[in-house]
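> Generate coordinates for the sequence data below:
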Amino acid sequence: MGGIYFLISPTIWSDPGANWTAIGVWVSVAVGFITMLGLFTTWAIAYFDKRYRKSLFYLDKINNYFSKAVAILAECKNNNVKWHQAINALKEADKLKSSLTDKSHQSIYVTDYIDAAYQIIDIVKKINDLRFFYGVIDYRDKSALVLYQQSKSPTLSLDWPNHKISSTELLCLCKFVDKATSASWDKNHNRAEPEKIFESDYFRELLSDSSDISELTKISFKVVFSYIRNVEENDKVAEREWMARAEILDNET
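Just a heads-up that it's a prediction; the model follows:
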């Protein structure tokens, strides 16, 4: 109201003592400040809107990766290519999580991550046979040793390559479930907010960092760990046989 009075009051306009130059300067400063404030506000709105939309874009991409991984594994086929595709999708989602800058998106990510992990746990529990992971169609009719040898054979079928599922990739899958287990415990028992879980040290670990797998993961993924141990044992046997053959060849020459 004071500003309006200043503009319309004839007393102020007719006051010979008024310093119109100073008043003009202050008015210009005020107008400039208001203009700058408006420009800054417009810029800030545009910046945060762009940041939000970028975060939302990556959240959609991550959810697509989760859905892709679960859908592939749900087929329950022991084609190593399929399993590696699914695990690579989870790795890509893991890499993109740093692009989630919005707190609500981080919270959604944690929830979706846990849901995807428990779906994968249910899928793996249905397998219940370590021979499955050697990638041979009729695996139930053969011993693990025979399957191991076939999975390393250079002769491949055009419709189904006999290659075993990578132990390294399966450890990454275990890491995915392990992180989800810890996140679920913090969320349900420690009442931790999802955005706090998102920032936790264990949740920031990459899936490729699979050196430390919890006992709980070993229980839920027992068949996976049995397979990995079986592969390691057969690798040792194959190495000993190769060294024995090499020694025989050396003696013959």
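
> When you work out contacts or count neighbours from here on, use the C-alpha atoms and nothing else.
Noted.

> need the contact list for residue 107.
If a contact means CA atoms under 8 Å, 6 or more residues apart in numbering, then residue 107 has 193, 194, 195, 198 as its contacts.

> Now stretch 192-211: average pLDDT?
Regarding stretch 192-211, the rounded mean pLDDT is 85.

> same question but for stretch 135-148, I mixed them up
Averaged over stretch 135-148, pLDDT sits at 87.

> And it, end to end?
Start and end residues of stretch 135-148 are separated by 9 Å (CA to CA, to the nearest Å).

> what's it in contact with?
Contacts for stretch 135-148 (CA under 8 Å, 6+ apart): 78-80, 131-132, 134, 150-151, 160-165, 230-231, 234.

> Can you flag the buried ones in those?
78-80, 131-132, 134, 150-151, 161-165, 230-231, 234 (16 or more other CA atoms under 10 Å).

> of those residues, closest to residue 203?
The nearest member of those to residue 203, counting by CA to CA, is residue 165 at 25.5 Å.

> The closest one is in contact with residue 77, isn't it?
No - Residue 165 lies out of contact with residue 77 (CA atoms under 8 Å); the separation is 11.1 Å.

> would you list every one of the helices in the protein?
Using DSSP state H, the helices found in the chain span residues 2-8, 10-14, 20-74, 80-96, 103-127, 144-151, 167-188, 194-198, 201-204, 215-220, 222-252.

> Enumerate the positions of the shortest one that are buried.
Neighbour-count burial for helix 201-204 flags residue 203 (criterion: 16+ other CA under 10 Å).
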